[in-house]
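> how would this look folded up:
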Amino acid sequence: MPRTLAPELRAALAARIRYYNEMGIYDFYRQPLSAPESIAPAAATIAEIHQEAGEEMSPRKAAIVAAPVAVEEALFEVPAPKPEHRASDPVKALKIIREDLGDCTRCPLHKQGRKQIVFGVGDPRAELMFVGEGPGADEDEQGEPFVGRAGQLLNNMIKAMGIERAQVYIANIVKCRPPGNRTPEREECETCSPFLMRQIAVVKPKVIVALGATAAKTLLAMNSSMMQLRGRFYAFKPAGVRSNDPGWDGCKLAVTYHPAFLLRDPRQKGEAWKDLQMVMKELGLKSPAQ
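Model (predicted):
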């Protein structure tokens, strides 16, 4: 019987497979193991994970994954509790994560002109969380996400949903401004996103809205287009961490356009509003205009 993997393990394995595929590696072989059934997932599971990674299965690749696959045991380990796990107050827990982040020098962004780290802002118990790509010039100057022109538009989007900015939590995939506001590179996203995952596990939102392709692809470990990603909810659980609340087992995630993109192409604002209405229905929110 095919083995059923937990969502976070499937996401981690999908990311690992995609990483090897991008390096041109498609052949996987299992080393002799004393108890292979307890470690290697069935071929059907691997094929499903390839599809979750947003990759079309060619006949060659399909034939290759039909053989047993070696998977590192670390992928199946239960995530170890983080320091903030002991804090029952989410304000204190987020402070612990910020202190752990420190004056971060873990990726190249720290030496490419950033002024300060932009951690996150909002209600630490928010039901709704917005995740963007990375800080821009205004955010780097003020130390708060979404405070420039894109932030003003996001504020209007939040208000149109019938709530205020202070009632949501806002963060980014990377916490340092990429030079020239370029798209964060893969290494930068992979280095910084574990801190975001810890923030999510502390806030425990009911719904996350990924703003733009970079946020969506990083959170979902999928390489699909915005057209393919939008219009539905995804079951989401932050990878590599667990919440200190046994009653919280993840949330729903929706994808919409980044406010900066909407400023460049206002024609898509109607589509973004459809995405937000889907979220409003899930959270039981009503627009002031209704």
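
> tell me how far D89 lies from A126.
Distance, D89 to A126, using Cβ to Cβ, to the nearest Å: 15 Å. C-beta coordinates here come from the backbone N, C-alpha and C atoms, glycine included.

> more neighbours: which of those two?
Taking neighbours as other Cβ atoms under 10 Å, D89 and A126 compare with A126 leading, 20 against 12.

> and that one, how far from P81?
23 Å.

> kindly report the same for V121.
25 Å.

> can you check G120 too?
21 Å.

> okay, these two: which has more neighbours?
Shown here are G120 and P81; by other Cβ under 10 Å, G120 has more neighbours (23 against 11).

> for the stretch 151-290 of the chain, which segments count as helices?
186-203, 213-220, 226-229, 259-264, 269-283 (DSSP state H, counting those that start in this stretch).

> centre of the chain to the second one, how far?
Right, helix 213-220. 6 Å (Cα atoms, centre = their mean, to the nearest Å).

> for that helix, name the packing helices and strands.
Other elements packing on helix 213-220 under the criterion 3 or more Cβ pairs under 8 Å, 6 or more residues apart in numbering; DSSP states H and E are strand 128-132, helix 186-203, strand 207-211, helix 226-229, strand 234-236, strand 251-256.

> averaged pLDDT, the fourth one. What do you get?
Looking back up the chat, that one is helix 226-229. Mean pLDDT, computed over helix 226-229, is 96.

> can you check the second one too?
Per-residue confidence for helix 186-203 averages out to 97 on the pLDDT scale.

> so what touches that helix?
82, 84, 90, 93-94, 97, 100-101, 104, 106-109, 120, 124-126, 129, 131, 169, 171-176, 178, 184, 208, 214, 218-219, 238-244, 251 (Cβ atoms under 8 Å, 6 or more residues apart in numbering).

> likewise for stretch 116-127?
90-91, 93-94, 98, 101, 103-104, 129, 135, 139-140, 143-145, 165-172, 175-177, 199, 202-207, 283.

> using PyMOL, define a selection of the buried residues within the residues you listed.
Of those, the buried ones go into a single PyMOL selection, burial set by 16 or more other Cβ atoms under 10 Å:
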select buried, resi 90+93+94+98+101+104+129+135+139+140+144+145+165+168+169+170+171+172+175+176+177+199+202+203+204+205+207+283
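
> in strands only, show me the contacts of stretch 116-127.
When DSSP state E defines the strands, the subset of these inside them is 129, 169-172, 207.

> those residues into CSV, with extra columns for distance to E271 and pLDDT?
Shown next, in CSV, are the ones in strands among the contacts of stretch 116-127 (distance: Cβ to Cβ, whole Å; pLDDT from 0 to 100):
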residue, distance to E271, pLDDT
M129, 21, 98
Y169, 24, 98
I170, 21, 98
A171, 23, 98
N172, 22, 98
V207, 18, 98
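
> okay if I get these as JSON lines plus distance to P194?
Formatted as JSON lines, these follow (distance: Cβ to Cβ, whole Å):
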{"residue": "M129", "distance to P194": "16"}
{"residue": "Y169", "distance to P194": "17"}
{"residue": "I170", "distance to P194": "18"}
{"residue": "A171", "distance to P194": "13"}
{"residue": "N172", "distance to P194": "14"}
{"residue": "V207", "distance to P194": "21"}
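
> quote the end-to-end distance of stretch 172-185.
End-to-end distance of stretch 172-185 (Cα to Cα, to the nearest Å): 14 Å.

> now that stretch: buried residues?
Quick answer for stretch 172-185 (16+ other Cβ under 10 Å): 172-178, 184.

> quick one: contacts for the spatially closest residue to M129 that is not a sequence neighbour?
Leaving out its chain neighbours, the residue that sits closest to M129 by Cβ to Cβ, 6 or more residues apart in numbering is P205, at 4.0 Å. Listed by Cβ under 8 Å, 6+ apart, the contact set of P205 reads 126-129, 169, 251.
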